[in-house]
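> what's the 3D shape of this:
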Amino acid sequence: MVEKVYISYNYVHKLCQRSAEEIKKFKPDLIVAIGGGGFIPARILRTFLKEPGAKNIPIQAIGLSLYEDYVSHADEHEEDPVEGIAKAEEAGVEVVRTQWLDFNTLESHALSLIGKNILVVDEVDDTRTTLHYAISELEKDVHEQAVKLGRQDEVTNFFVFVLHNKDKPKRAQLPDKLINQGRYLAAETVPDLWIAYPWESTDIDLQTKLAVEQGHI
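The predicted structure follows:
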């Protein structure tokens, strides 16, 4: 049986707060949240990244789908206290782009990614397939836009933040320069567990109770 770990909103908030000081060194100009797990951490982070007297860092969203729910045959008769019949999330092998950035619109609203420090946020680094796709495609699109506008000399940097990195073999990798330059940060590295985030719960009181019992508060 896969161990299930329950996380409270308070715990997510504290992970973001604890990580913000390290991320500040990167001086992000824009946050790109990977939906749907990256939305809430991105918004919390923005609060802690804001410097006195400065404007809030803009948040943009991209949608990538990789996971599907499967009934775990080993546990199919076991009741999950929050969600009912136990289900485990299995990683897919193909990333589906469901929402992406409109670079022309961003450019017209002075939100260009070219030459900026871009913070990409997701909740979990499992197989790394989603993060690999996001960074690869964003880098490609920014380069194409820079060529189009004659701004190839402007350097765009990416930084990846996740709440949890699962300590397991990855199916894809991030660019060496990103890792070597310290532009990847996981608030926590954990074993290959089943992590239940609060925004996935249908009973937030029970979710919080279980998180407290496990020390994730």
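> now do the strands in the protein.
Along the chain, the segments classed as strands by DSSP state E run 4-6, 30-35, 59-71, 79-80, 84-85, 87-99, 117-125, 157-166, 184-190, 194-196.
> weakest of the ones you listed in terms of mean pLDDT?
Out of these, strand 84-85 stands lowest, with a mean of 54 (criterion: mean pLDDT).
> any chance of the strands of the chain in CSV, with distance to residue 175 too?
All C-beta atoms are positioned from the backbone trio N, CA, C, and that covers glycine. Putting the strands of the chain into CSV (distance: least, Cβ to Cβ, whole Å) gives the following:
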stretch, distance to residue 175
strand 4-6, 30
strand 30-35, 16
strand 59-71, 18
strand 79-80, 38
strand 84-85, 40
strand 87-99, 17
strand 117-125, 12
strand 157-166, 8
strand 184-190, 10
strand 194-196, 25
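> quick one: which of those strands is nearest residue 210?
strand 4-6 (4.1 Å; Cβ to Cβ).
> which elements pack onto the closest one?
strand 194-196, helix 204-213 (3 or more Cβ pairs under 8 Å, 6 or more residues apart in numbering; DSSP states H and E).
> re earlier: what would the strands of the chain look like in CSV with distance to residue 203 and mean neighbour count?
As requested, these are exported to CSV (distance: least, Cβ to Cβ, whole Å; neighbours: other Cβ atoms under 10 Å):
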stretch, distance to residue 203, mean neighbour count
strand 4-6, 11, 20
strand 30-35, 23, 22
strand 59-71, 17, 15
strand 79-80, 10, 12
strand 84-85, 10, 11
strand 87-99, 15, 13
strand 117-125, 19, 23
strand 157-166, 21, 23
strand 184-190, 23, 16
strand 194-196, 11, 19
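> out of the ones you listed, nearest to residue 14?
That would be strand 184-190 among the strands of the chain, by Cβ to Cβ, at 8.9 Å.
> just the CA trace of that closest one, in CSV.
C-alpha atoms of strand 184-190 as CSV (Å, rounded to 0.1, in the frame of the first residue of the first chain):
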residue,chain,number,x,y,z
TYR,A,184,15.9,24.8,-8.8
LEU,A,185,14.5,24.7,-5.3
ALA,A,186,12.2,22.2,-3.6
ALA,A,187,10.9,23.3,-0.2
GLU,A,188,11.1,19.6,0.8
THR,A,189,12.5,16.4,-0.7
VAL,A,190,10.5,13.4,0.3
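> and the contacts of it?
5, 15-16, 18-19, 22-23, 125, 159-167, 174, 178 (Cβ atoms under 8 Å, 6 or more residues apart in numbering).
> again, but for stretch 139-154
101, 103, 107, 112, 113, 114, 115, 156, 158, 175.
> what is the burial count for residue 37?
Residues contacting residue 37 under the criterion other Cβ atoms under 10 Å number 22.
> and the one 5 residues further on, by the same measure?
By the measure other Cβ under 10 Å, the count of residues near residue 42 is 25.
> ok, and the closest non-adjacent residue to it?
residue 33 (3.7 Å; Cβ to Cβ, 6 or more residues apart in numbering).
> same check on residue 124?
In space, and not counting its chain neighbours, residue 124 is closest to residue 164: 4.8 Å by Cβ to Cβ, 6+ apart.
> bridging residues for that neighbour?
Counting by DSSP bridges, residue 164 forms beta bridges with residue 124, residue 188.
> surely it and residue 195 touch.
Yes: under the criterion of Cβ atoms under 8 Å, residue 164 makes contact with residue 195 at 5.9 Å.
> got the confidence number for residue 3?
Among the per-residue scores, residue 3 holds a pLDDT of 86.
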